[in-house]
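A.B. asks: Sequence first, then the predicted structure:
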Amino acid sequence: LGIQRRGSIEFGRRREATDISIQMAGFSDDRSNETSQKRRRTSASANKSSGDTEGKNKRTATLMDLDVLDCSICFDTLTVPIFQCDNGHVACSSCCKKLKRKCATCSLPTKSRNRAMERVLELLKVPCENAEFGCSESISYAEMSTHVERCAFTQRPCPFSGCGFTGSYEGLVEHSVSEHTRSLYMFECGEPVFMYPKVGERVVLKEKNTGEGGEGRELVVVECFETPQGRIFSASCVGPPMGFMKFPYSFKFISSVGDKLCFESSAKSVREVSGEPPSEHFMFVPSYMFPDYKLHICINRKFTLGSYTTTTS
């Protein structure tokens with residue numbers, strides 16, 4: 001491989017112990033003979049015990065250039081499924097959809113799955129991207145993006161406008177409490193909190209009580225955006241997805257003449273607050289209901305495990 005990205009990654013495949021160097025750039029002329037040898041090795045290894053297989057039938061290789069696992073169009077990490085055109089040009093599923101299954105390089109249809117590359121991604125084990133911050137897990141390369149979203153060590157920027165702090169989920173909560181106490185809104189589940197979000201600014205809330213299981217350490221961010229027809233209000237939760245735990249909330253908007261709007265949704269877990277108007281899960285308030293108004297938010301915590309659901313309020 002020509003261009004190298006810093007670091008190397010090892011991956012393994014179960015076979016008989018053989019001292020073989022793998023050439024990534026070409027193939028042997030004796031391909032048919034090599035194929036039959038592989039079949040014999042596979043047949044022989046199938047009769048061995050799992051313990052023997054674990055000890056003797058493991059071969060490893062080092063991939064020196066991780067760039068080969070990036071999409072050639074958007075340069076993001078390839079994930080399953082992977083598609084290719086008839087000329088072998090590879091594209092990620094996202095680019096494939098955006099280009100309407102037309103190759104960006106040669107314009108041929110991009111319809112075939114690249115099963116070999118998908119298999120490589122499934123077998124490849126890599127350290128978490130947050131290893132330098134304390135995460136010790138090794139994850140399948142194909143599942144890295146999902147893991148990073150949920151990893152407690154993923155670095156998250158402070159949601160307060162103008163603050164340059166970046167830290168882990170736990171560090172971000174501690175920073176918000178210690179450095180932004182005066183600006184931090186405290187809430188209790190099921191109790192409404194009055195606020196007056198300004199356009200382009202954020203209101204950050206944290207639960208008053210912290211439970212033994214870590215409940216109450218979430219940061220909920222409310223944003224307000226201006227549009228030609230009115231304003232948009234939305235709420236999100238900064239932190240890793242909780243899986244079985246959700247944060248349903250309700251907005252109650254009251255104009256100066258008593259007109260009311262109510263909206264219910266669930267706060268989506270995000271790595272960072274984008275600062276962009278959301279495309280879904282928001283409350284729209286028409287211009288005639290401004291400038292004087294009252295806005296309440298009521299946040300709950302809902303646990304869902306199978307068919308069992310309970311709400312804290």
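C.D. replies: Received the coordinates, thanks. Numbering: from 1, shown residues only.

A.B. asks: now the helices for the stretch 151-300 of the chain?
C.D. replies: 169-179 (DSSP state H, counting those that start in this stretch).

A.B. asks: Flag the shaky bits of it, pLDDT-wise.
C.D. replies: Applying pLDDT under 70 to the stretch 151-300 of the chain flags the ranges 210-216, 241-245.

A.B. asks: the strands in it, which residues?
C.D. replies: 156-157, 166-167, 185-187, 192-195, 202-207, 219-227, 230-238, 245-246, 248-255, 260-266, 268-270, 283-286, 293-299 (DSSP state E, counting those that start in this stretch).

A.B. asks: Could you chop this protein up by domain?
C.D. replies: 1-64, 70-123, 167-312 (automatic domain parsing).

A.B. asks: What is the end-to-end distance of the second one?
C.D. replies: Using Cα to Cα, to the nearest Å, the end-to-end distance of domain 70-123 comes to 16 Å.

A.B. asks: tell me the mean pLDDT for it?
C.D. replies: The average of the pLDDT scores along domain 70-123 is 89.

A.B. asks: ditto for the first one
C.D. replies: The average of the pLDDT scores along domain 1-64 is 45.

A.B. asks: on that earlier part again, can you tell me which of the strands of the stretch 151-300 of the chain comes nearest to residue 94?
C.D. replies: Comparison of the strands of the stretch 151-300 of the chain against residue 94 by Cβ to Cβ identifies strand 268-270 as nearest, at 18.9 Å. Using the backbone N, CA and C atoms, a C-beta is placed for each residue, glycine as well.

A.B. asks: and that closest one, which strands flank it?
C.D. replies: Here strand 268-270 has these sheet partners by DSSP bridges: strand 230-238 (parallel).

A.B. asks: which other residues reach the partner strand?
C.D. replies: By Cβ atoms under 8 Å, 6 or more residues apart in numbering, the surrounding residues in contact with strand 230-238 are 156, 159, 172, 197, 199, 218-225, 247, 249, 251, 253, 263, 265, 267-273, 277-278, 281-287, 289-290, 295, 297, 299.

A.B. asks: Separate out the buried members of those residues.
C.D. replies: Among the contacts of strand 230-238, those scoring as buried are 156, 159, 172, 197, 218-225, 247, 249, 251, 253, 263, 265, 267, 269-273, 282-283, 285, 289, 295, 297, 299 (criterion: 16 or more other Cβ atoms under 10 Å).
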